[in-house]
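> what would the 3D arrangement of this be:
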Amino acid sequence: MTHRSLDLLDRFEDIVASVPIDRDVGDVLGYSRAGSPVRGFRIGTGRLAISLLAGCHADEPVGPRLLRHFVSYLQSCDRTDPIVESCDWWIVPHINPDGEQRNAVWQDPDAASYDLIRYLTSVVRELPGDDIEFGFPRDDDDVDARPENKAVHSWWRSGANPFALHCSLHGMGFAAGPWFLIDRAWRARVDALNKACVERVDQLGYTLHDVERLGEKGFARLGRGFCTRPDSRYMIEHFKKLGDPATARLFRPSSMETIGNFGGEPLTLVSEMPLFITPGVGETLGPPDPIGEQWKARIARWRLDVQDGAHAGVIAEAKTTGLHPMNVRDQMDLQWTFVQAGVESVVRE
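A predicted model of the protein is given here:
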């Protein structure tokens with residue numbers, strides 16, 4: 001096959017039109033801390049092994065929404081369709097069912113965008129040590145890793161072929177716009193991927209998020225809107241330099257590193273789509289970014305204000321300062337653009 005034969009980008013409308021799978025279907029890979037099933041789907045008969053994962057941070061709901069639509073779409077495809085015949089899809093729509101339940105109060109599954117006040121009053125995010133993205137087993141003897149991570153790790157390891165691509169779909173609470181994180185080993189081989197993402201961001205009318213972190217935690221800026229993905233080694237180094245070895249010890253391999261440890265030379269990608277747009281961030285990179293620092297202080301104050309019931313004031317200030325929610329469909333569109341461009345990149349290789 002050629003990479004064009006899959007026609008992935010043209011499938012987005014049909015994907016989002018598919019009724020998303022129910023949360024109680026799929027192969028049970030294991031169970032969460034609270035005893036909820038962690039479910040996965042393996043679909044396709046091809047040799048091109050592709051992993052799609054979402055929900056590592058349960059305050060980032062759009063990735064799971066896209067993958068639930070995509071699984072439904074794949075299940076409706078004819079077995080001779082190239083998307084099924086050429087690929088071996090390994091999909092975990094939500095690896096963190098406990099976190100999803102804790103955040104359910106503000107995560108309307110049908111919302112066109114998310115409500116700022118409900119988000120600020122109800123959002124829950126795991127701290128280091130409980131962070132599922134950086135919680136995969138260090139080795140077979142790592143019995144203290146979270147059960148969700150151990151279950152998915154064991155499932156991935158059961159495959160016969162090394163993965164060619166792994167996409168971990170993430171989000172941000174607040175940012176200037178979409179941000180794309182790329183495996184540093186592939187940074188010189190993804191020009192077409194970058195171009196596809198930039199073009200789609202422009203078509204949808206968004207501004208790319210841009211930040212300069214000088215390699216902190218593995219984030220090395222590659223250009224406007226693009227950065228290398230984080231890495232547990234750099235996370236550990238960062239906290240050691242801060243004189244916090246206790247936090248450093250909490251980090252385990254990420255999903256991206258884990259997939260890489262199974263062999264081959266997989267392309268690993270992390271999508272970052274904001275729930276709320278903060279205008280002006282990235283116009284002056286810093287560090288620190290002066291506009292970004294203003295937004296951080298303002299949002300921290302809003303969190304306190306909503307706890308005191310000052311909802312109307314927060315809403316009014318958000319409107320005045322230009323903060324607005326990012327459309328969920330657009331977020332899924334850009335996540336899918338990133339995934340399909342990643343597939344094209346590995347097929348070309």
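> contacts, neighbours, all on C-alpha from now
Will do.
> in the host helix or strand of residue 192, what counts as buried?
According to DSSP states H and E, residue 192 maps onto helix 191-204. Residues of helix 191-204 classed as buried: 193, 194, 196, 197, 198, 200, 201 (neighbour count, 16 or more other CA atoms under 10 Å).
> got those residues as CSV, with pLDDT and distance to residue 285 columns?
Output for the buried residues of helix 191-204, formatted as CSV (pLDDT from 0 to 100; distance: CA to CA, whole Å):
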residue, pLDDT, distance to residue 285
193, 97, 24
194, 97, 20
196, 97, 24
197, 98, 21
198, 98, 19
200, 98, 23
201, 98, 20
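> these: which two are farthest apart?
193 and 201 (12.4 Å; CA to CA).
> if I look at residue 304, how far off is residue 120?
Separation of residue 304 from residue 120 (CA to CA, to the nearest Å): 9 Å.
> and the two? which has more neighbours close in?
The neighbour count for residue 304 versus residue 120, taken as other CA atoms under 10 Å, is higher for residue 120 (19 against 13).
> how many neighbours does residue 218 have?
Neighbour tally, residue 218, other CA under 10 Å: 20.
> got a list of what the residue lying closest to it once chain neighbours are set aside touches?
Nearest non-adjacent residue to residue 218, counting by CA to CA, 6 or more residues apart in numbering: residue 230, 4.3 Å away. Residues counted as contacts of residue 230 (CA atoms under 8 Å, 6 or more residues apart in numbering) are 217, 218, 219.
> the stretch 201-349 of the chain: strands as residue ranges?
With DSSP state E, counting those that start in this stretch, the ranges of strands along the stretch 201-349 of the chain come out as 221-223, 226-228, 267-277, 324-325.
> just name the most buried of those.
Ranked by mean neighbour count, these are led by strand 267-277 with a mean of 25 (mean count of other CA atoms under 10 Å).
> now for that strand, which elements pack on it?
The elements that strand 267-277 packs onto, with contact taken as 3 or more CA pairs under 8 Å, 6 or more residues apart in numbering; DSSP states H and E, are strand 165-175, strand 179-182, strand 324-325, helix 328-348.
> of these, which approaches residue 282 most closely?
Smallest distance to residue 282 across the helices and strands packed on strand 267-277 (CA to CA): 9.2 Å, for strand 165-175.
> count the residues that sit near residue 321.
Applying other CA under 10 Å, we find 11 residues neighbouring residue 321.
> typed the wrong thing, it's residue 305
Residues near residue 305, counting by other CA under 10 Å, number 17.
> wait, what's in contact with it?
Residue 305 touches 311, 314, counting by CA under 8 Å, 6+ apart.
> in the stretch 51-200 of the chain, where is pLDDT below threshold?
By pLDDT under 70, the stretch 51-200 of the chain has no low-scoring segment.
> wait, which of the contacts of residue 230 is closest to residue 17?
Ranked by distance to residue 17 (CA to CA), the contacts of residue 230 are led by residue 219 at 35.0 Å.
> double-check the closest one against residue 226; I have them as touching.
No: Residue 219 is not in contact with residue 226 according to CA atoms under 8 Å; the separation is 9.6 Å.
> residue 316 and residue 322: what is the separation?
Noted for residue 316: a distance of 10 Å to residue 322, by CA to CA.
> go on, residue 165?
From residue 165 to residue 322 the distance is 37 Å (CA to CA).
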